[in-house]
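K.L.:
Sequence and predicted structure, then a few things I'm wondering about:
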Amino acid sequence: MSAPTIAKTAVVSKDAKIGDDTIVQDYAIIEGGCEIGKACRIGYHAVLRRGTKIGDHSIFGTHSVSEGKNSIGSYTTIHSQCHITAGVVIEDHVFIAPFFCGANTPRIVHGRKYPLVLKPYRVKFGARIAICVAVLPNVIIGREAMIGAFSLVTRNIPDFAVAYGNPARVVRQIPNDERLEWNPPS
């Protein structure tokens, strides 16, 4: 094990915790209260806002943003140019392709007197999300589910389902021989 490698142009808060063997690329911003596990890679210009937690052996891609207070699992890849809204849980072994965007509030209250109510989405263990997918608030993407490219996910997707479209609809199940053997702790 070796200390993390942090690029000279990266901005890392003094109270952020970064694990051994983690690489933080140029111009990344890591705010206070963030915790990044060991052997992770944080991409160029990535932004991790306050309270983002990332497990071990994960990748958070170039130009991606975590809006904070998120939990991102181990062995998870969030590819380039993804937007992860606040309060989200993304479990272990998840893959999210470029240009993902999630929403966490059903009502845009910017500049209005109404309270902001967060209803974050959740991505469960081993799920795979293709390019250019949007997920609406309060949606759960099930264990090892796969979401096809350019889909709009408006409702929960069951475990081991393949879904795509606008709105995304379940079209089949993940075959048994394509499922991960490792079982996450409950």
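P.N.:
Noted; the coordinates are in hand.

K.L.:
For this structure, which residues score under the pLDDT cut-off?
P.N.:
Applying pLDDT under 70 to the chain picks out residues 183-186.

K.L.:
Locate the residue of the protein with the greatest distance from its centre.
P.N.:
Lys113 (30.0 Å; Cα atoms, centre = their mean).

K.L.:
Against Ile36, how distant is that one?
P.N.:
The spacing between Lys113 and Ile36, counted by Cβ to Cβ, to the nearest Å, is 37 Å. The way it works is simple: take the backbone N, C-alpha and C, and place the C-beta from them, glycine included.

K.L.:
Then Val133?
P.N.:
On the measure of Cβ to Cβ, Val133 and Ile36 end up 24 Å apart.

K.L.:
again, but for Pro106
P.N.:
30 Å.

K.L.:
between these two, which one's more packed in?
P.N.:
Ile36 (26 against 11; other Cβ atoms under 10 Å).

K.L.:
Thought Ala28 was touching that one, still the case?
P.N.:
No. In this structure, Ile36 is not within contact of Ala28 by Cβ atoms under 8 Å, at 10.3 Å.

K.L.:
Spatially nearest residue to Asp92, not counting backbone neighbours?
P.N.:
In space, Asp92 comes closest to Gly73 once its chain neighbours are excluded; the distance is 3.6 Å by Cβ to Cβ, 6 or more residues apart in numbering.

K.L.:
Touching, Phe150 and Ile129? I think so.
P.N.:
No. With contact defined as Cβ under 8 Å, Phe150 and Ile129 do not form a contacting pair (11.3 Å).

K.L.:
quick one, which of the two is more surrounded?
P.N.:
Per other Cβ under 10 Å, whichever of Phe150 and Ile129 has more neighbours is Ile129, with 26 against 15.

K.L.:
what secondary structure does Asp177 sit in?
P.N.:
Secondary structure state of Asp177, per DSSP: H, G, I helix; E, B strand; the rest coil, is helix.

K.L.:
i'd like the first residue to be 679 from this point on
P.N.:
Sure, I'll start numbering at 679, so the last one becomes Asp855.
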